[in-house]
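Participant: I would like the atomic coordinates for the input below:
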Amino acid sequence: MEIILTHENMDFDALASLVAASKLHPHAKMVLPSLQSDQVKQYLAIYRDSFSFRSASQVAWEEITHVILTDVNTITRTVGASKLKEKKVSITVYDHHPLPQDTNSSEDTYIIQDTGAAVTIIIEEMMNQKVDISSYESTLFALGLYTDTGSFTYPGTTIRDLKAAAFLMEHGMQLDVVQQFSDETLSKSQQQAFQHFLNESEHVEIDGLEIVIASFATTEFVNSLNSITSRVLETTGADVVVTITDMKNKVFVIGRSATDRFQLGKRMEHFNGGGHSKAASASIKNGDIEEVKQQVSDVIPHMVLSAVQAVDLMSSPVKTIDPATTMEEAKQNMLYYGHNGLPVVNENGQLAGIISRRDIDKATQHGYGHAPVKAYMTSQPVTITTSTTFEEIQQLMIEHNIGRLPVMEDNKIIGIVSRTDVIEHMHESSQSKKETSTIRPQME
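Facilitator: Here you go, the predicted model:
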């Protein structure tokens, strides 16, 4: 007997990939986890009878020979964890989360690929096999795709996700239904948890990253802790948020990250959890919330990757001018070297100011091209050091609305970081991630 399982606290990607896998494995029975997100519950309240689901109590676990996992790569995070603990079964996995390093994959099939949503992997296989799907199936698959990629805005989104969406559109995907069920409002208990996380949060700065750790103990069941954690991340503007919730004899650890420098999924394995670099979770049965909070604080510094610093981005040597240079001469210098601003350095080699192309254009338009740059330059420029991080550089440019930051050492200018340097790094980093992303092939 074959069954299809997905993770507990089932979200739309888990549900969509569960149903999609049944299209590739028509003889397998779909087993619903007992815990589901509020949006999934609302969806199933209407559509449940459209699919042939079984509950865990309806499964003859002793007869299982093959397990298909979707949006999860280990049985321990499914409703079958205790049922299949001592039973030898073959496993097929469709997932987009990295495989734990200690996984024994010699006898099982793992289709682990780098996509924004797990359902994308299965949609591609349906496309290859020319599997026919209905309009309501297309819409469910789209719910998984849209919610797990943030409507294709999350950094982990790939061109494969977009192609999958186009396929679903061709097969009757209903965007109004996608919007109806993907829009999320917080219940009273969720709002209370959200406010508690905001009010009782601890802010930690590590190597230029702002990290928020928030804990909450409750006797009530609060659903969608992952969504609440995402909202805390959005509201605080932090780089990383980790929430720790003591609830119903379990401690739930949920992490969300807005930066590539934080490796959530890998370190969440410390708590026997999983996920990927920007979203991960774990649950500790009968855990002590204070002990777990301390463990999170201890492990967080080891999750941070080294920062890109000003020394890695800056241009050097720096073209400079002296304060007596006329505005017209400065303009010609900028045109010749292709710069939009120049540092102004006095006779002692010290930084006196910054003159921008914008300042020069204003002066020359009013007939002051003969005036010295010292009359129009910014005399107290914002400066940085070689160790200023990329994140701090971005924030300084946004906060002060400036396009270049002199890099100083011993009161001397040794380099400069411009908007162009920041933009180039952002796009090079994005392209590098696409080219070096690990796509794990099928292993048999």
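Participant: in the stretch 101-250 of the chain, which spans are helices?
Facilitator: For the stretch 101-250 of the chain, applying DSSP state H, counting those that start in this stretch gives helices covering 118-129, 135-148, 159-170, 175-182, 188-199, 225-236.
Participant: can you lay out these as CSV showing mean pLDDT?
Facilitator: Listed next are the helices of the stretch 101-250 of the chain as CSV, based on pLDDT from 0 to 100:
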stretch, mean pLDDT
helix 118-129, 96
helix 135-148, 95
helix 159-170, 97
helix 175-182, 90
helix 188-199, 91
helix 225-236, 90
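Participant: deepest in the core, which of those helices is it.
Facilitator: helix 135-148 (a mean of 25; mean count of other Cβ atoms under 10 Å). Bear in mind the C-beta positions are built from the backbone N, C-alpha and C, glycine included.
Participant: picking that back up, for the helices of the stretch 101-250 of the chain, give me JSON lines that also has distance to Ile244.
Facilitator: Formatted as JSON lines, those follow (distance: least, Cβ to Cβ, whole Å):
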{"stretch": "helix 118-129", "distance to Ile244": "26"}
{"stretch": "helix 135-148", "distance to Ile244": "23"}
{"stretch": "helix 159-170", "distance to Ile244": "31"}
{"stretch": "helix 175-182", "distance to Ile244": "27"}
{"stretch": "helix 188-199", "distance to Ile244": "10"}
{"stretch": "helix 225-236", "distance to Ile244": "10"}
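Participant: tell me how far Gln365 lies from Lys331.
Facilitator: Distance, Gln365 to Lys331, using Cβ to Cβ, to the nearest Å: 11 Å.
Participant: show the pLDDT at Ile211.
Facilitator: Ile211 is assigned a predicted lDDT (pLDDT) of 92.
Participant: same thing with Gln101?
Facilitator: The model's pLDDT for Gln101 equals 64.
Participant: Gln442 now?
Facilitator: pLDDT at Gln442 comes out at 34.
Participant: swap in Asn272?
Facilitator: 81.
Participant: who's in contact with it?
Facilitator: Contact partners of Asn272, counting by Cβ atoms under 8 Å, 6 or more residues apart in numbering, are Thr76, Ala282, Ile284.
Participant: apply 7 Å and report the result again.
Facilitator: Ala282 (Cβ atoms under 7 Å, 6 or more residues apart in numbering).
Participant: remind me which residues of the stretch 1-150 of the chain are low pLDDT?
Facilitator: 101-106 (pLDDT under 70).
Participant: so His96 makes contact with Thr115?
Facilitator: Yes: at 4.8 Å, His96 counts as touching Thr115 under the criterion of Cβ atoms under 7 Å.
Participant: find the residues that touch each one of those two.
Facilitator: With Cβ under 7 Å, 6+ apart, His96 and Thr115 have common neighbours Ile121.
Participant: the nearest residue to Met247 once chain neighbours are set aside: how many residues sit nearby?
Facilitator: Excluding its sequence neighbours, the residue lying closest to Met247 (Cβ to Cβ, 6 or more residues apart in numbering) is Thr218, at 5.5 Å. Look at Thr218: counted by other Cβ atoms under 10 Å, it has 14 neighbours.
Participant: any idea of the pLDDT on Thr218?
Facilitator: 91.
Participant: for Ile312, what are phi and psi?
Facilitator: Quick fix: residue 312 is Asp, not Ile. Main-chain torsions, Asp312, degrees, to the nearest 10: phi -80, psi -20.
Participant: can you start the count at 800 instead of 1 from here on
Facilitator: Let's use 800 as the start, then, which means that last one is Asp1111.
Participant: from Thr1185, how far off is it?
Facilitator: Distance from Asp1111 to Thr1185, counting by Cβ to Cβ: 9 Å.
Participant: repeat for Leu898
Facilitator: 38 Å.
Participant: repeat for Ser1178
Facilitator: Taken as Cβ to Cβ, the span from Ser1178 to Thr1185 is 24 Å.
Participant: swap in Leu883?
Facilitator: The separation that Leu883 has from Thr1185, given Cβ to Cβ, amounts to 55 Å.
Participant: longest strand in the chain, please.
Facilitator: Longest strand of the chain, by residue count under DSSP state E: strand 1008-1017.
Participant: Met1207: which of the helices of the stretch 900-1049 of the chain is closest?
Facilitator: helix 1024-1035 (31.1 Å; Cβ to Cβ).
Participant: check which helices and strands that closest one is in contact with.
Facilitator: Applying 3 or more Cβ pairs under 7 Å, 6 or more residues apart in numbering; DSSP states H and E, one finds that helix 1024-1035 contacts helix 987-998, strand 1008-1017, strand 1039-1046, strand 1049-1056.
Participant: quick one: contacts of that helix?
Facilitator: With Cβ under 7 Å, 6+ apart as the test, helix 1024-1035 has contacts from 983, 989, 992-993, 996-997, 1011, 1013, 1040, 1042, 1044, 1051, 1053, 1055, 1057, 1080.
Participant: recalculate using a threshold of 8 Å.
Facilitator: 808, 810, 836, 983, 985, 989, 992-993, 996-997, 1000, 1009, 1011, 1013, 1021, 1037, 1039-1042, 1044, 1051, 1053-1057, 1078, 1080.
Participant: same question for stretch 983-991.
Facilitator: Taking Cβ under 8 Å, 6+ apart as the rule, stretch 983-991 contacts Asp837, Gln838, Phe993, Thr1017, Glu1019, Phe1020, Val1021, Asn1022, Ser1023, Ser1026, Ile1027, Arg1030.
Participant: among those, which two are most distant?
Facilitator: Checking these with Cβ to Cβ, the most distant pair is Gln838 and Thr1017, at 21.0 Å.
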